[in-house]
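Peer 1: Using only what follows, build the 3D model:
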Amino acid sequence: MGNTGGKGLSLARRLYTSRTLGLALGLLCVSVAMFPLDPPLWVWALMIFNGLLWPHLAFQWARHSSTPYHAEYRNLLIDAFLGGFWVAAMHFNPLPSATTVSMMAMNNVAIGGLRFLLAGLAAQIFGVAVGLVVFAPAFIPQTSSMQLYACLPMLMLYPLALGLLCFRQAHTLGRHKRELLALSRTDSLTGLLNHGAWKDQLEIAFQRCKRQKQGAAIALIDIDHFKAINDTYGHVAGDIVLRQLSKMLKQNLRATDVAGRYGGDEFCVILPELPLFNAAQAMEALRERFVTLGYEQNPALKVSLSIGLAAWDPSHVDATRWLNDADQALYEAKAGGRNRVICNCDKPRQELLDSV
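Peer 2: So this is what the prediction gives:
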């Protein structure tokens, strides 16, 4: 068990619900089993305390503890000890005793696995030993019909409640896992896919094109003279430019397009089922919109884009070759004066760009 306050309090709250329900149902089961034995008044008082007051005391004890996890560990062992004590007090009446022991064992294994199950079992045995000292050792071999009915709510409702709590916990953990996975695949500054996640999507797109023989294009986008922007206007201004480009990509791309931050000032886009001509049109429109943007913090700042495009080709042996074509087109866009879209294809590039 951990020792962090937040998680410990969360555990205490979950156990408060299950303990309150379980011990209230257990009180019904134990009191009906104890009634024919005509126990003294202090035994009835202890039963009422254990069944109705102890859950609230245990929660407050854990809540105000500096180590809630340890406090709940202690509380659960007290639960197990008292369960063993009542088994001896009932003179081992078969059904009430089996119900008490099994429900506590189920709770312990759900909370702490086999190790805590064994710890709880040891506490129960100690409780039985104390009970044998307090009460005369005896064994009642039969369970009456009234005692059977008194055990049914515990047997039916408590496992249902515990199962619901476990389901809610599993659902919460699953959601947290998905959130963490999304964070691990997302660039924190831009909110787009990071380098590794986008490369995974590129491989998926490549295999889909290869399997379905459908066209697609990829674009590599570079912010022109980005280092000079950082040096002249500062890194805060550079971050604003990066976020502005990511925002524009989200707003202008199709729902099926996949955008990512490839690294530094370089972005990447997968454009599935889009001919190169249409992809070039889309990227040219993006370039034109971006170059006209103004920045309130730095009115003199003007930023342009260089974009390299490559279409999927059946001759590509893998996704890396496809990406290399886009990278080569981007290199040509930067070498040719920047602020332009260049397509890596068999058709003469200038002809394609003129048509755009």
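
Peer 1: going forward, measure contacts and count neighbours with C-alpha atoms only.
Peer 2: OK.

Peer 1: in what helix or strand does the spatially most central residue of the chain lie?
Peer 2: By C-alpha atoms, centre = their mean, the mean C-alpha position of the chain lies nearest to residue 176, the distance being 1.5 Å. Using DSSP states H and E, residue 176 falls within helix 145-184.

Peer 1: Give the buried residues for the helix or strand following that helix.
Peer 2: For helix 145-184, the following helix or strand on the C-terminal side (DSSP H and E) is helix 195-212. Neighbour-count burial for helix 195-212, with 16 or more other C-alpha atoms under 10 Å as criterion, is recorded at 195, 197-199, 201-202, 205-206, 209-210.

Peer 1: So what's the gap between the helix holding residue 176 and the chain middle?
Peer 2: 18 Å (C-alpha atoms, centre = their mean, to the nearest Å).

Peer 1: Could you list the buried residues of that helix?
Peer 2: 147-148, 150-155, 158-159, 162, 165.

Peer 1: quick revisit: and the residue nearest to the centre of the chain, what pLDDT?
Peer 2: Per-residue confidence at residue 176 stands at 82 (pLDDT).

Peer 1: Now do the contacts for it.
Peer 2: Counting by C-alpha atoms under 8 Å, 6 or more residues apart in numbering, residue 176 makes contact with nothing.

Peer 1: For it, give its distance to residue 190.
Peer 2: Counting by C-alpha to C-alpha, to the nearest Å, the gap from residue 176 to residue 190 is 21 Å.

Peer 1: same thing with residue 100?
Peer 2: Applying C-alpha to C-alpha to residue 100 and residue 190 gives a distance of 56 Å.

Peer 1: do residue 171 as well
Peer 2: From residue 171 to residue 190 the distance is 29 Å (C-alpha to C-alpha).

Peer 1: Any chance of JSON lines for the buried residues of helix 145-184, columns pLDDT?
Peer 2: Output for the buried residues of helix 145-184, formatted as JSON lines (pLDDT from 0 to 100):
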{"residue": "147", "pLDDT": "94"}
{"residue": "148", "pLDDT": "94"}
{"residue": "150", "pLDDT": "94"}
{"residue": "151", "pLDDT": "93"}
{"residue": "152", "pLDDT": "94"}
{"residue": "153", "pLDDT": "92"}
{"residue": "154", "pLDDT": "91"}
{"residue": "155", "pLDDT": "91"}
{"residue": "158", "pLDDT": "87"}
{"residue": "159", "pLDDT": "87"}
{"residue": "162", "pLDDT": "81"}
{"residue": "165", "pLDDT": "80"}
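
Peer 1: Skipping adjacent residues, who's closest to residue 69 in space?
Peer 2: residue 8 (4.4 Å; C-alpha to C-alpha, 6 or more residues apart in numbering).

Peer 1: Show me what counts as buried in the helix or strand harbouring residue 88.
Peer 2: Residue 88 is part of helix 68-89 when elements are defined by DSSP H and E. Applying a neighbour-count criterion of 16+ other C-alpha under 10 Å, the buried positions in helix 68-89 are 68-73, 75-89.

Peer 1: residues in contact with that helix?
Peer 2: 1-5, 7-9, 11-12, 30, 34, 58, 61-62, 65, 93, 96-97, 100-101, 104, 108, 119-121, 123-132, 135, 137.

Peer 1: Report the buried members of those.
Peer 2: For those, a neighbour count by 16+ other C-alpha under 10 Å gives the buried set as 5, 8-9, 11-12, 30, 34, 58, 61-62, 65, 93, 96-97, 100-101, 104, 108, 119-121, 123-132.

Peer 1: Now do the same for stretch 317-333: mean pLDDT, whole number.
Peer 2: For stretch 317-333, mean pLDDT rounds to 94.

Peer 1: Buried residues, that stretch. List them.
Peer 2: By neighbour count on 16+ other C-alpha under 10 Å, the buried set for stretch 317-333 is 319, 322-323, 325-333.

Peer 1: Could you tell me which of these are located in helices?
Peer 2: The helices, defined by DSSP state H, take in 319, 322-323, 325-333 from these.

Peer 1: any idea which of those is the one closest to residue 312?
Peer 2: residue 322 (6.3 Å; C-alpha to C-alpha).

Peer 1: Okay, the closest one and residue 162: tell me how far apart.
Peer 2: In this view, residue 322 and residue 162 are 53 Å apart by C-alpha to C-alpha.

Peer 1: same deal with residue 216?
Peer 2: 51 Å.

Peer 1: Then residue 236?
Peer 2: For residue 236, the distance to residue 162 - C-alpha to C-alpha - is 51 Å.

Peer 1: likewise residue 194?
Peer 2: From residue 194 across to residue 162, the span is 40 Å (C-alpha to C-alpha).

Peer 1: picking that back up, if you look at the buried ones among the contacts of helix 68-89, which of them are in helices?
Peer 2: 5, 8-9, 11-12, 30, 34, 58, 61-62, 96-97, 100-101, 104, 108, 119-121, 123-132.

Peer 1: Please confirm that residue 301 is located within a helix.
Peer 2: No. According to DSSP: H, G, I helix; E, B strand; the rest coil, residue 301 belongs to no helix; its state is coil.

Peer 1: For it, which phi and psi angles does the backbone take?
Peer 2: Main-chain torsions, residue 301, degrees, to the nearest 10: phi -80, psi 120.
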